[in-house]
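1. Test case, fold it:
(chains A and B)
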Amino acid sequence: MSTKLIYFAWVRERIGKPEEDVDLPSGIETVADLLRWLKSRGEEYENALQHPDVIRVAINQEHVGHREKIAGAREIALFPPMTGG
Amino acid sequence: MAGAVVPAIRIQREDFDVAAEIAGLTGGRTDIGAVVTFSGLCRDEQGALSALELEHYPGMAEAEIGRIAAEAVERWPLQGLTVIHRHGKIMPGENIVLVVAASSHRQAAFEAANFLMDYLKSRAPFWKKEHLADGSEGGWVEAKEADDQAADRWKKPSG
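-> Purely as a prediction, here's the structure:
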């Protein structure tokens, strides 16, 4: 099953696309696993995710921590700390 | 206490009219004793800024502000709550965000509006990019630690 990844703000700019569908390899269980795997996919990902601890993540449009399991996620969004208001 | 207040949440590109939004909450009612509004505006940073570009996460922006507003309605005895957040390109002097909280008494309205803004700042999925007056792109506004701390003070003691 493929998972939709969505990127915002400088994460989107550095990766170079707003979203993509990916087939996650087995063994990717948590958000932290996902970030580690994405980072290995090329220079643009490495550049966007060089400090994984600052990346905020939402699964199915709800904030989650990096230890959250991603099983069953339809949509995972990665973005910098928010600056609304 | 009536638990039927349904917050009105709008995420939009267009501007809003503060007076019309207040009237929308209070019109035809005689039980509201206090209305607190907060408007957030785009400032020009002493002339350095020509615009802010607000990116948002469609769907989640509405959902997350809805979750924050639902918590406010649960914590304070409100009689009405409206939250509007704009996105897209916003010029200095223009509105960005509006919170209108209505209650019988002022304290609940003040506190709920304050809570909403503190949470919006650190949890609503919006990102500001600066456009500079000299025509260059100024980069993304960085989140402030102070905003996270402001949100943290509303956390209820656990247990």
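2. quick one: residue A:5 from residue B:95, how far?
-> Look at residue A:5 and residue B:95: by C-beta to C-beta, to the nearest Å, they are 33 Å apart. From N, CA and C alone the C-beta is placed, and that goes for glycine too.
3. before we move on, what about residue B:52?
-> As judged by C-beta to C-beta, residue B:52 and residue B:95 stand 11 Å apart.
4. so what sits against both of the two?
-> residue B:42 (C-beta atoms under 8 Å, 6 or more residues apart in numbering or on different chains).
5. These two: who's more crowded?
-> residue B:52 (24 against 18; other C-beta atoms under 10 Å in any protein chain shown).
6. And chain A, is the helix or strand hosting the more buried one touching that?
-> Residue B:52 is part of strand B:49-56, with elements assigned from DSSP states H and E. Yes - using C-beta under 8 Å from any C-beta of the partner chain, strand B:49-56 comes into contact with chain A via B:54-56.
7. Pairing partners for that strand, with directions?
-> Strand B:49-56 pairs in its sheet with strand B:88-90 (antiparallel), strand B:126-132 (antiparallel), by DSSP bridges.
8. could I get those as a markdown table with mean neighbour count?
-> Output for those, formatted as a markdown table (neighbours: other C-beta atoms under 10 Å in any protein chain shown):
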| stretch | mean neighbour count |
| --- | --- |
| strand B:88-90 | 16 |
| strand B:126-132 | 20 |
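9. one step back: now tell me what touches the strand holding residue B:52 from outside.
-> A:8-9, A:84, B:11, B:42-44, B:85-92, B:96, B:125-133, B:135, B:138, B:141.
10. list the contacts for residue B:42?
-> Residues near residue B:42 by C-beta under 8 Å, 6+ apart: B:49, B:51-52, B:90-96.
11. from chain B, which residue is nearest to chain A?
-> Closest contact between chain B and chain A, by C-beta to the nearest C-beta, is at residue B:126 (2.9 Å).
12. so residue B:14 is in which element?
-> Short version: residue B:14 belongs to no helix or strand, going by DSSP H and E.
13. That one: what's its closest spatial neighbour, skipping adjacent residues?
-> Counting by C-beta to C-beta, 6 or more residues apart in numbering or on different chains, residue B:14 lies nearest to residue B:86, which is 7.4 Å off, once chain neighbours are set aside.
14. tally of neighbours for that neighbour?
-> Neighbour count of residue B:86, defined by other C-beta under 10 Å: 25.
15. Go ahead and confirm it touches residue A:85.
-> No - in this structure residue B:86 lies outside contact range of residue A:85 using C-beta atoms under 8 Å: 11.2 Å.
16. The residue in chain A that chain B sits nearest to: neighbouring residues, count only.
-> Nearest residue of chain A to chain B: residue A:84, at 2.9 Å (C-beta to the nearest C-beta). Residues contacting residue A:84 under the criterion other C-beta under 10 Å number 28.
17. Could you do residue A:30 as well?
-> Residue A:30 - counted by other C-beta under 10 Å - has 16 other residues nearby.
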